[in-house]
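> Sequence unavailable; structure follows:
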């Protein structure tokens, strides 16, 4: 609005009053962002434990042994055992794998639906865009947990239903973001040039627009993962998620809560893994967002 | 003013359509379920079954059922409960929602005051001790699911040290843990939002101007920082209320609080479909009404919406 | 003496290192007079003004030197006492009228805020005073203006709101930062008239910050020319403008003059490009030397001191000094 009056010095003076130390050094680079690096390390550690742990522990996740129920953590059973005598460490590892699988798949499905729906709306524009976005607005105004619970009630428990329900919830913000990207990119010179060259619509979309929107899609896809872990855990806790004999971190926490009075470790270990997983993914997601979307982090004072 | 009216009208229409969507979804999903609501009691003789189906009109053609259902909902009648014979869904809501509402209101209040104060403290002095601690704590707050937090609190405060009652509802002590659990995540979100906003506002020229007027810092914060920094918080109020009230499903279940959320989770376990439908519709309607109210508040508090310019 | 600045030095702290922004600033202003600080952007004018008002964050800046206002040394006051002087006795009109008004408060409220707080006036009395002030500075429909929000006003109107904000307290010193640069020429003239009238009606001292020599010539009695954080020439405006001694001042005046009289263009030959002044360019000696056409070896060795050149006129330039010395020797 005021490009002429706003000089560099002015914003320089402005930044004197409350500058953000380190803000500039962090902006635009992923690796100097210490929280994100910490997140990466944490995630790496969790994944190594989860995938290599069961080989070392030499237990099966659903091997019932009523002679060793509810044991406290020991050298043999690192996280103790549950009320059916199953080794909790192995169960937590398998549960975390399932949670990770559900969350990752959700992110992939969501990205796909989001790109198709949002991309179509954004690229077509006009009337199509208006209708698609109104529909999205209507669905999005349903409280999301209620929506997910409703779907899970009908679909019944299980991994597939979980994927459907989570995708049904989380595709909407992704579609909005992708639509915005498409609308911006559509007006870029290289897209107009491609159109002038007479390339087909799909060629333009797949070859020119999607690659440029990919950064943002990946960032939002990453941000979906911890949310999906949360939601999956919640649904499994209510009893709507995965069902026995499968277990996810959420159902393990649910079981642990039932026997918290006597065997608190049955809650603590699965809980710890949820927290570590979500924390690390959040840190990485935030780091990626700052890296890819400097506008979001441009609090340093220069620029609108 | 016209623009504001148009905006609110559009939101209202969206909400009504969304309600219709929810009602239709609930209805057809419940109809599509394998096995009717009484499939648990397989021993029922066919005559009794027929009686029940007659009573709950399960034999009418589906569109008749649907239109009847819509009409009933429009009259705010959510129908009978399958599992609690003798009490309608409306009765159950009437009985239990005040508890949920009280819990939710306290949690919203706590989250707002705590989130705004901590965000303000951190945002006014960024990257100092208080700010760093806050950023760290909120990062943890973002990563702990409510039921995990609930379990931990129960373990330490009730079973280990016996400071607070582990469950049930009634005295202020009973409310402490549920409120902490419900308010934790929203507090982290608000505090972060306020922090960023305050940092942004503190760099504006009008803050320098206010300082140049020699105003004391309380006046500066109250009149110049807060009104501008808190506007995005108002837009977050809608999601906040939704998060707290849907969060209370689990929290009420864990702490055995006789609120609507506990009934809801129990009804899911019991497959009490009319209750699930009724509560879903009720919560959707309630949260959408709250959202509309928040939109109205935002419009009324924002001078740029309230008074469009004379010039320009 | 209304305002006296002696040997002011302001440095910004960057990662523990002090980067000087302005150095060896000496200013003085009598009541009822106008002092213009002239220089390109980045020369340190605004920093000087903010330092006088004590608005630079102590965490980010170091201020050395003496600032006296009405005989009180304000540079050593604590922030609470300083807040009483700021706004109350010193009015400030910032450079950017769009972003300097709080979008969430009616402008009237922002204007009378100081009255309510410093003077403990009632709201009604303050409103009355504000409306009469607004009318005096040429606002029509002042009552409506009072309750308007900033986004409803045009640029000129916002500027008036800021002027009213500064004048409402009846300060004895007014600091106007690039008051007119964002305004149309017609509005510019009006605004200057408003200031002049306010100055005449009471003994208001004005510190005018500008890069526009014409504006300075219209209103100021004394002038200080800034270059790269130092005052290179200063004194009575008439003397400085009629016989500039510093090459930078000469260049400024030349350019202005040439703009106003295009036919004179040919006589001055080549246009010299002035390198943007940067205070921390690490060059020893005169910071104007790289752009100066009259460099002697001394210019690259030592910073020229600010030396009086006759009555009410001083300059910091080796060349000018040597010429003075020559003349004294004759």
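Happy to help now that I have it. Since the model is a prediction, treat every value here as computed from it, not as a measurement.
> In the stretch 1-150 of chain C, what residue spans correspond to helices?
Taking DSSP state H, counting those that start in this stretch, the helices of the stretch 1-150 of chain C run over residues C:45-52, C:79-85, C:107-118, C:123-136, C:142-146.
> Repeat that for chain B.
Counting by DSSP state H, the segments of chain B that form helices are B:2-32, B:46-55, B:62-74, B:89-124, B:129-141, B:146-153, B:172-202, B:205-212, B:217-219, B:226-229, B:231-254, B:260-270, B:273-301, B:303-306.
> between those helices, which gets the lowest average pLDDT?
Sorting these by mean pLDDT places helix B:46-55 lowest, at a mean of 65.
> Can you tell me which of the helices of the stretch 1-150 of chain C is nearest to residue C:305?
helix C:45-52 (19.0 Å; Cβ to Cβ). Backbone N, C-alpha and C define where each C-beta goes, glycine included.
> Which neighbouring elements make contact with that closest one?
Packing contacts for helix C:45-52, counted by 3 or more Cβ pairs under 8 Å, 6 or more residues apart in numbering or on different chains; DSSP states H and E, involve helix A:8-17, strand C:3-14, strand C:17-29, strand C:34-38, strand C:61-69, strand C:173-177, strand C:205-210.
> And for whichever residue of the stretch 101-250 of chain B sits closest to chain C, nearest residue in space, chain neighbours not counted?
For the stretch 101-250 of chain B, the residue positioned closest to chain C under Cβ to the nearest Cβ is residue B:214, at a distance of 3.1 Å. In space, and not counting its chain neighbours, residue B:214 is closest to residue C:87: 3.1 Å by Cβ to Cβ, 6 or more residues apart in numbering or on different chains.
> so where's the longest helix in the chain?
Since no chain was named, I'll use chain A. Per DSSP H, chain A has its longest helix at helix A:88-124.
> think we crossed wires, I meant chain C
The longest helix of chain C (DSSP H) is helix C:185-201.
> Indicate whether that one makes contact with chain B.
No - taking Cβ under 8 Å from any Cβ of the partner chain as the criterion, helix C:185-201 and chain B are apart, separated by no less than 13.6 Å.
> Give me the angle between that helix and strand C:205-210.
160 degrees (axes from the mean of the first three to the mean of the last three Cα atoms, to 10 degrees).
> Indicate whether helix C:185-201 makes contact with chain A.
No - figure legend: helix C:185-201 not in contact with chain A (Cβ under 8 Å from any Cβ); closest approach 13.8 Å.
> counting contacts, what elements does that helix pack onto?
helix C:155-167, strand C:173-177, helix C:213-219.
> closest one to chain B among the ones you listed?
Once the helices and strands packed on helix C:185-201 are compared by Cβ to the nearest Cβ, helix C:155-167 is nearest, at 7.1 Å.
> What helices and strands are in contact with that closest one?
Packing partners of helix C:155-167 (3+ Cβ pairs under 8 Å, 6+ apart): strand C:90-93, helix C:107-118, helix C:123-136, strand C:173-177, helix C:185-201.
> And chain B, is the first one touching that?
Yes - in this structure, strand C:90-93 sits against chain B according to Cβ under 8 Å from any Cβ; the contacting residues are residue C:92.
> before we move on, what SS does residue A:261 have?
Three-state call for residue A:261 (DSSP: H, G, I helix; E, B strand; the rest coil): coil.
> Setting aside sequence neighbours, what's the nearest residue to it?
Excluding its sequence neighbours, the residue lying closest to residue A:261 (Cβ to Cβ, 6+ apart) is residue B:159, at 5.6 Å.
> Next, the buried residues of the longest helix of chain C.
By 16 or more other Cβ atoms under 10 Å in any protein chain shown, the buried positions in helix C:185-201 come out as C:187-188, C:190-192, C:194-195, C:198-199.
> How about stretch A:74-82?
Within stretch A:74-82, the residues scored as buried using 16+ other Cβ under 10 Å are A:77-82.
> With stretch A:257-267 instead?
Here stretch A:257-267 shows A:257, A:260, A:263-267 as buried, counting by 16+ other Cβ under 10 Å.
> need the residues of chain C near chain B, please.
When proximity is defined by Cβ under 8 Å from any Cβ, chain C lies next to chain B at C:53, C:55, C:82-88, C:92, C:94, C:96, C:99-106, C:113-114, C:117-118, C:148-149, C:151-154, C:157, C:162, C:165, C:169.
> what about 7 Å?
C:53, C:55, C:83-84, C:86-88, C:92, C:94, C:96, C:99-105, C:113-114, C:117-118, C:149, C:151-154 (Cβ under 7 Å from any Cβ of the partner chain).
> check contacts around residue B:139.
Applying Cβ atoms under 7 Å, 6 or more residues apart in numbering or on different chains to residue B:139 gives the contacts A:279, A:282.
> brain fart, residue B:231
Taking Cβ under 7 Å, 6+ apart, we find residue B:231 in contact with residue B:302.
> Quick check: it vs chain A, distance?
In this view, residue B:231 and chain A are 16 Å apart by Cβ to the nearest Cβ, to the nearest Å.
> doesn't residue A:235 make contact with residue A:248?
No - if you go by Cβ atoms under 7 Å, residue A:248 and residue A:235 don't touch, sitting 9.3 Å apart.
> Neighbour count: these two, which is higher?
Set side by side, residue A:248 and residue A:235 show more neighbours around residue A:248, with 30 against 26, by other Cβ atoms under 10 Å in any protein chain shown.
> Most proximal residue of chain C with respect to chain B?
For chain C, Cβ to the nearest Cβ, closest residue to chain B: residue C:87, 3.1 Å.
> what about residue B:68, distance to residue B:28?
According to Cβ to Cβ, to the nearest Å, residue B:68 and residue B:28 sit 14 Å apart.
> hmm, I was thinking of residue B:258
Distance, residue B:258 to residue B:28, using Cβ to Cβ: 31 Å.
> Contact partners for the residue nearest the centre of chain B?
The residue lying closest to the centre of chain B (Cα atoms, centre = their mean) is residue B:242, at 2.4 Å. The neighbourhood of residue B:242, defined by Cβ under 7 Å, 6+ apart, consists of A:143, B:287.
> Please report how far it lies from residue B:231.
Distance check for residue B:242 against residue B:231: by Cβ to Cβ, it reads 19 Å.
> Residue 126: neighbour count?
Since no chain was named, I'll use chain A. Residue A:126 has 8 neighbours, counted by other Cβ under 10 Å.
> That was the other one, I meant chain C.
Residue C:126 has 21 neighbours, counted by other Cβ under 10 Å.
> Who are the contact partners of residue A:228?
A:102-103, A:106-107, A:166, A:170.
> can I assume it sits in a strand?
No - using three-state DSSP, the assignment for residue A:228 is helix, not a strand.
> Please list the residues of chain A that sit near chain B.
Residues of chain A that fall close to chain B, judged by Cβ under 7 Å from any Cβ: A:14-15, A:17-18, A:20-21, A:137-139, A:141-143, A:145-146, A:149-150, A:153-154, A:230, A:233-234, A:237-240, A:253, A:256-257, A:260-261, A:264, A:267, A:271, A:274-275, A:278-279, A:282, A:299, A:301.
> Can you tell me which of those end up in helices?
Judged by DSSP H, these include A:14-15, A:17, A:137-139, A:145-146, A:149-150, A:153-154, A:230, A:233-234, A:237-238, A:253, A:256-257, A:267, A:271, A:274-275, A:278-279, A:282 as members of helices.
> Name the nearest residue to residue C:172, sequence neighbours excluded.
Leaving aside its sequence neighbours, residue C:172 sits nearest to residue C:89 (Cβ to Cβ, 6+ apart; 5.5 Å).
> quick one: contacts for the one you found?
C:171-173.
> where does it land on pLDDT?
Note on residue C:89: pLDDT of 86.
> Next: residue A:248.
84.
> Mind listing what's buried along the helix or strand harbouring residue A:44?
Per DSSP states H and E, residue A:44 falls inside helix A:34-57. Judged by neighbour count (16+ other Cβ under 10 Å), helix A:34-57 contains these buried residues: A:35-36, A:38-40, A:42-43, A:46, A:49-50, A:53-54, A:57.
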